[in-house]
Every structure is written in structure tokens, then in C-alpha cells.
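K.L.:
what's the 3D shape of this:
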Amino acid sequence: MSVVGIGMGAISNSLVATQNNNNLNALMQQLQQLDQQLSTGQQFSLPGQNPTATASILPLQQEIATQNQYQTSLTTDLGFLNDTDTSLSTVVNSIDQANSLLLGGLGTTATAAENSAAAVQVGSIISGLVNVANSTYEGQYLFSGSESQQAPFQVQQSGAILYTGNQDSINSQVASGLVVPNNISGVTAFGAISTPVGSDVNPAVTLQTDLSDLNNGRGVPSGSIQVTLAPSAGPPITETINLSQARTVGDVQQAIQNAFPPGDVTVGITPGPPADSLTISAATGTVAVSDLNGGTTAEALGIAGAAAPSITGGNLNALLTLQTPLSAFNGGAGVDTTAGLVITDGSQQQTVSIAGDTTVQDLLNTLQSADPNLMVGINSAGNGLAISTRLSGVNFSIGENGGTTATDLGIRTMTGSTLLSSLNLGQGVPVNATDASGNPIPADLDITLRNGSTVDVNLAGANTVQDVLNDINAVQPGVLVASLNSVGNGITITDDDGVSTGPLTVASNSISQALGIAGTQSSTNPATPLVGTDVNPQQANGIFNLLIQLQSALQSNNNTELTRLQPLFQQELTRVSTVQANVGSQQQLLTQVQSQASTLQTDLQSSLSNLQNVNTASAITQLTQIQTSLEATLQVAASSMQLSIFSYI
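P.N.:
Residues are numbered from 1 along each chain as shown. Predicted coordinates:
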């Protein structure tokens with residue numbers, strides 16, 4: 001027997017055992033991995049097991065999570081809009097019902113008792129619509145704007161309806177780059193507030209004015225300008241001035257002036273009022289300003305111009321902001337802050353002092369505090385205030401208190417520029433009326449003066465309140481004087497010739513009644529004026545105001561008022577139908593987006609599944625193969641373990 005032979009046999013046996021053991025371990029690992037895959041449904045559980053797949057899976061999972069959020073938003077938004085659409089259908093039906101009651105009350109066929117009964121039905125319609133207007137979806141009020149946690153409409157003790165929401169929308173992102181509102185406010189759906197009062201107050205430009213606020217908010221393009229100074233003595237000096245870092249008018253002033261020797265070039269604001277533009281001047285000689293490389297910076301600042309001793313730009317149309325001082329109103333002329341103003345909002349009338357206010361924010365706070373039922377802010381054009389009442393069913397007005405405060409603020413509801421056609425809630429003044437044959441009807445005011453004489457004031461062709469004032473003042477200039485009421489709103493007429501003390505009378509006719517000046521002033525003091533009434537009250541827009549007015553007209557059997565209201569109901573029906581159509585379009589858009597999102601989700605999930613999920617059939621096949629290999633390996637291992645030392649002799 002060879003010792004060497006025995007040793008080599010043992011070594012060979014050891015190698016076989018090691019190989020068998022390695023094979024068994026590898027097969028057991030594969031078996032364990034397949035068992036885990038089949039039990040979890042995942043190809044791997046740790047990123048390191050498949051780094052390539054992991055790099056693709058993580059972005060897919062993030063995108064799927066994002067799409068899931070979009071789907072949640074879409075579901076919520078469609079729920080809001082579906083309920084909104086249903087509510088608007090109820091509004092349309094209610095308008096139809098109310099219009100039928102109105103038509104039934106028109107003319108002479110309906111009795112007072114029948115109209116009174118119809119008024120009760122209108123009251124029921126109002127109550128039902130208030131409930132609709134306070135509808136909720138998932139605990140949020142549909143028509144409150146962004147104030148969705150509070151009921152938007154409240155019925156006051158007087159019967160007026162107060163809107164407590166706002167005009168903002170609730171926006172949500174429903175797709176990449178697509179943000180949409182999921183609601184409409186009570187203002188859009190029901191009118192709810194009056195048309196905002198506020199005119200252009202031409203804010204003055206100051207050194208602190210932001211360049212972004214100029215040109216009606218379009219701002220001033222960033223860039224460089226070229227300024228050439230040609231002094232009376234010495235060569236011209238041309239400088240390129242970079243204004244890209246300028247933020248205010250003062251920054252522009254300093255940048256230009258600092259580019260030249262002190263005092264040679266001056267940039268300032270035109271002396272006001274109106275102080276609404278810039279000037280650039282040369283101490284001696286001329287100055288010219290131009291843009292560079294197709295820029296428009298100098299043009300936007302209003303100072304681009306050919307050589308001249310001084311260049312004065314046009315109105316820069318600065319925006320009104322909450323920080324704008326009241327002293328900047330009206331081109332820098334400011335506001336009468338001493339007299340105050342008178343606000344009439346339904347049954348409440350109060351005098352409001354603004355003596356302590358210095359900025360727009362101060363003023364708005366004062367107005368809101370004085371009358372919480374107001375909606376206050378800056379108008380959409382950004383050049384004036386916007387003041388509305390939130391009360392439907394009442395008259396609203398802003399007038400003077402002996403000064404010019406309301407006029408200076410641009411919020412007086414009856415001014416010289418008020419159109420006669422807008423007076424009396426749109427019924428106007430019949431100064432241009434014709435008879436059935438088309439012939440003009442005399443448009444005269446018959447006024448009996450204090451000396452007993454009578455004058456006729458022909459108002460034919462008058463279009464504005466100021467036209468009426470001018471026509472009256474032309475009769476006896478300085479004696480017969482017409483003006484706007486010094487307190488509140490309306491027209492005041494004074495007849496003072498210094499001698500006569502008889503009564504002053506404006507005969508009652510369709511024109512004097514429409515102007516609110518029919519009547520007699522009997523005081524023997526000729527300085528005592530005949531003070532007219534306010535014939536330009538404002539009212540909230542929308543269905544609630546119309547219904548309250550209809551209820552009142554039916555109760556009082558007022559055929560004239562019913563006639564006025566009838567076309568307004570038709571207009572409101574058209575308006576609400578348009579709003580509902582817009583909601584329908586929004587629903588259609590979101591439904592399409594939801595369908596596309598669902599398809600995308602399916603595709604993303606499929607891609608993720610291909611990377612992450614186990615192919616069960618394939619895994620079972622592999623499992624069977626591994627089990628077969630394992631059995632074979634165990635048999636080989638068992639056979640090798642039965643060898644003895646005699647096998648090597």
C-alpha cells in the first residue's frame with residue numbers, strides 16, 4: 001500500500017466534499033431568495049440586491065405618490081364642483097319661479113291680496129336659497145370663497161342678507177403645471193355685494209415709489225440708459241447708466257445724478273399737483289436721454305427724449321398700495337381729512353372721521369371698523385379704492401359731511417360725472433323722452449323763485465348730473481345756484497337775490513321727481529337751500545337683492561317697481577346660467593385630467609411592477625429546478641461520504 005496514494009485520495013475526497021458543500025450553500029441561498037420573493041411578491045428587498053433597478057424604482061415611486069395626490073385633489077375638486085352645479089341648478093329654478101310670480105303681479109289684473117300672497121311665496125324662495133347658498137361639501141362651505149369654514153350668508157333681523165365670505169378661490173394642483181380653483185365665491189354665484197365704488201385717484205409719484213408699481217403695475221424694464229449732457233461751456237459728456245439694480249424712483253435719481261459732476265444733471269418729480277411724472281434737467285446747456293440696444297427703460301421712465309434744457313415725462317400711473325399716503329392722492333393734492341364722510345348702509349347711517357389716517361391701510365381699517373358690513377380694498381385697476389356693501393336688500397351710499405373727503409377719496413356715490421341714466425337704480429331721468437309718435441317730450445324744470453317769478457330750465461340733451469347743475473346755474477348766474485348737497489348726496493338749489501324772502505319751489509313732474517328736487521323751501525331766510533334727496537343709491541347685485549326687492553314690490557302692489565325688476569330677473573337668469581356653464585366646463589376639464597391621470601398611474605404602476613414584482617410562474621419554475629438540483633447534489637454528497645480508505649488501495 002502506498003502512503004502517497006492514501007494521501008492523494010484523502011485530498012481528492014476533501015475537495016469533492018468542499019465542492020458539494022459550496023453547491024449546497026449556493027442552492028440553499030437561491031432557494032431562500034426564491035422563497036422570499038414568492039412570499040413577498042418582490043424581486044428584492046434591499047437596494048444593494050439590484051442597484052440598477054433601484055435607481056429606476058425610486059423616481060417611479062415618487063411620481064406615483066405625486067399622481068396619487070393629484071387624484072385625491074381631483075376627486076375633492078370634482079365633488080365640490082358637482083355640488084356647486086347642483087346648487088346653481090336650484091338657483092336657476094328659483095329665478096324661474098320668482099319670475100313667474102313677478103309676471104303674475106304685473107299690470108292691473110292681479111289684486112293686492114294676490115300680490116301679497118305671492119310675496120309670501122317669494123319669502124319661501126329666499127329662505128330656500130339661503131340654505132342652498134350655505135351648502136357644504138366635506139364640512140366646507142361651497143360659496144364662502146376662501147373663508148370656507150363659516151356660513152357665507154346670514155339673514156339679518158331687518159330681512160337683509162349679509163355676505164360674510166370673500167371673493168377668493170381655493171386653488172389646488174391637479175397635474176404638473178396645472179393649478180385650478182375648485183370653488184366659486186358667493187359673489188360669483190349670487191351677486192352678494194354691490195358694484196365697488198371707487199375712481200382713479202392718480203397717486204402721486206414719490207422717491208419711495210417702487211419701480212414695479214409704475215405704469216399701472218407693468219413696472220420699468222431692467223436695463224441701461226444713455227444720458228448725454230451738452231453744457232453751455234465745455235465738451236459734451238455721455239454716460240451709460242446701469243439701472244438694473246434700481247428698485248425705487250429715488251434709486252434712479254441717485255444713479256443718474258451720481259454719473260455726472262454734482263449739480264450738472266438733476267432728476268426730480270414734476271411739481272404737483274399732479275406730481276405724477278419725472279423730469280431730468282441740465283444745469284446749463286441741454287440733456288438727452290435714450291435707451292440702449294433696443295431696451296425700453298428710459299421710455300418706461302418717461303425721460304427718453306432729444307437734447308433739451310429739460311425733459312418732462314408723462315403720467316407714470318403709479319399703483320395705489322396699502323402703504324400709499326393719503327397725501328399722494330389726486331396727484332399729490334391729498335385728501336380733506338378734517339370733514340369726514342357719511343355712509344348710509346341700509347337703516348344705518350353714520351359719520352366717519354378719517355382725521356387720524358395717513359395711509360390707505362389706515363383708511364380701509366377705519367371704514368371697515370365704522371361699518372363691518374362693508375367690503376373694502378383697492379380696485380382691480382390698482383388706481384383707486386373699491387368699497388362695496390355686503391348687504392343685499394338695502395340702499396347703500398357714501399356722501400360728504402360738509403367737506404370734500406368722499407370726493408377726494410374717489411368714493412362719493414353721486415358726483416357731477418354721474419350719468420343721469422344710472423339714477424334711480426337705472427331708471428334714469430326722462431330728459432330725452434319722446435311720445436308715441438317719436439316727438440321729444442319737454443324736458444323742463446319749472447322753478448318758482450323767491451320773488452314770485454317762474455323760470456323754466458330746459459334739460460334736453462343733459463347726460464350727467466353736472467349738465468343739470470350747469471343748466472340751472474345758467475338761468476340767473478350767482479342768484480339761482482345748483483350744487484351737490486354739502487352733506488350726503490343729492491342736488492341743492494339756492495335762490496338768493498339779496499331781497500326776496502318768498503318760498504322757493506320746484507314743481508313736481510317726472511323730471512324733478514327723478515332728480516329728487518321736487519318740493520318747496522318755505523324759510524324766509526333766502527340762504528336756506530332746497531335740499532334734494534339721494535337719487536343714486538347703490539344696491540347689491542344678484543338674486544338675493546332682486547328677490548327682496550320683488551317681495552317688497554309685491555307686498556306694496558307697486559307695479560312701477562315690478563316693471564323695473566322684470567328685465568333684471570331675465571339678466572340674472574342669463575348671468576347665473578353662464579356661471580353654471582363655466583362650472584360645467586371646469587368639471588369637464590377635471591374629468592379629462594382625471595382620466596389622463598388614471599392612465600398615467602396605470603402605466604407607472606406597470607413599469608414599477610416590471611422592475612419590482614416577481615413573475616410568479618417563472619419563480620415557481622426556478623424553484624422546481626433548484627429543488628431538483630438540490631436533490632441531485634445531496635445524492636452526490638451522500639455517495640461521496642460513503643467512500644472508505646479501501647477505495648484508495
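K.L.:
Surely residue 63 is in a helix?
P.N.:
Yes - assignment of residue 63 by DSSP: H, G, I helix; E, B strand; the rest coil places it within a helix.
K.L.:
who's in contact with stretch 439-459?
P.N.:
429-435, 460, 462, 467-468, 471-472, 475-476, 480, 493, 495-497, 499-507, 509, 511-512, 515, 517, 526 (Cβ atoms under 8 Å, 6 or more residues apart in numbering). C-beta coordinates here come from the backbone N, C-alpha and C atoms, glycine included.
K.L.:
now the stretch 1-150 of the chain, which segments are flagged as low pLDDT?
P.N.:
The model of the stretch 1-150 of the chain has pLDDT under 70 over residues 1-58, 60-61.
K.L.:
in the protein, which spans are helices?
P.N.:
With DSSP state H as the criterion, the chain has helices at 3-40, 51-105, 112-133, 186-190, 249-258, 297-301, 360-370, 405-408, 465-473, 510-515, 543-555, 559-612, 616-641.
K.L.:
The longest one to helix 543-555, inter-axis angle?
P.N.:
If I follow you right, that is helix 51-105. Interaxial angle, helix 51-105 versus helix 543-555 (axes from the mean of the first three to the mean of the last three Cα atoms, to 10 degrees): 10 degrees.
K.L.:
Output the contacting helices and strands for helix 51-105.
P.N.:
Where contact means 3 or more Cβ pairs under 8 Å, 6 or more residues apart in numbering; DSSP states H and E, helix 51-105 is packed against helix 112-133, strand 136-137, strand 171-175, helix 186-190, helix 543-555, helix 559-612.
K.L.:
The closest residue to residue 314 other than its chain neighbours: what's it in contact with?
P.N.:
Nearest non-adjacent residue to residue 314, counting by Cβ to Cβ, 6 or more residues apart in numbering: residue 302, 5.3 Å away. Residues counted as contacts of residue 302 (Cβ under 8 Å, 6+ apart) are 277, 278, 313, 314, 316.
K.L.:
Now distance to residue 285, pLDDT and neighbour count too, for these, in TSV please.
P.N.:
As requested, the contacts of residue 302 are arranged in TSV below (distance: Cβ to Cβ, whole Å; pLDDT from 0 to 100; neighbours: other Cβ atoms under 10 Å):
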residue	distance to residue 285	pLDDT	neighbour count
277	22	96	20
278	20	97	22
313	20	94	21
314	24	92	10
316	26	97	24
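K.L.:
nearest residue to residue 143 other than its sequence neighbours?
P.N.:
Residue 143 sits nearest to residue 186 (Cβ to Cβ, 6+ apart), 4.1 Å away.
K.L.:
How many residues are close by the nearest residue to residue 554 once chain neighbours are set aside?
P.N.:
With sequence-adjacent residues excluded and distances taken as Cβ to Cβ, 6+ apart, residue 554 is closest to residue 119, at 3.8 Å. Neighbour count for residue 119, taken as other Cβ atoms under 10 Å: 19.
K.L.:
how much space is there between the residue nearest to residue 143 and residue 365?
P.N.:
Relative to residue 365, residue 186 is positioned 24 Å away (Cβ to Cβ, to the nearest Å).
K.L.:
again, but for residue 418
P.N.:
Residue 418 is 28 Å from residue 365, by Cβ to Cβ.
K.L.:
Residue 90 contacts residue 129, correct?
P.N.:
Yes - contact criterion Cβ atoms under 8 Å: residue 90 and residue 129 qualify, at 7.4 Å.
K.L.:
So between the two, which is more surrounded?
P.N.:
Per other Cβ under 10 Å, whichever of residue 90 and residue 129 has more neighbours is residue 129, with 22 against 15.
K.L.:
How about that one: what's its closest non-neighbour residue?
P.N.:
Nearest non-adjacent residue to residue 129, counting by Cβ to Cβ, 6+ apart: residue 94, 5.4 Å away.
K.L.:
For the one you found, give me its contacts.
P.N.:
With contacts defined as Cβ under 8 Å, 6+ apart, the neighbours of residue 94 are 125, 128, 129, 132, 543.
K.L.:
Lovely, talk soon.
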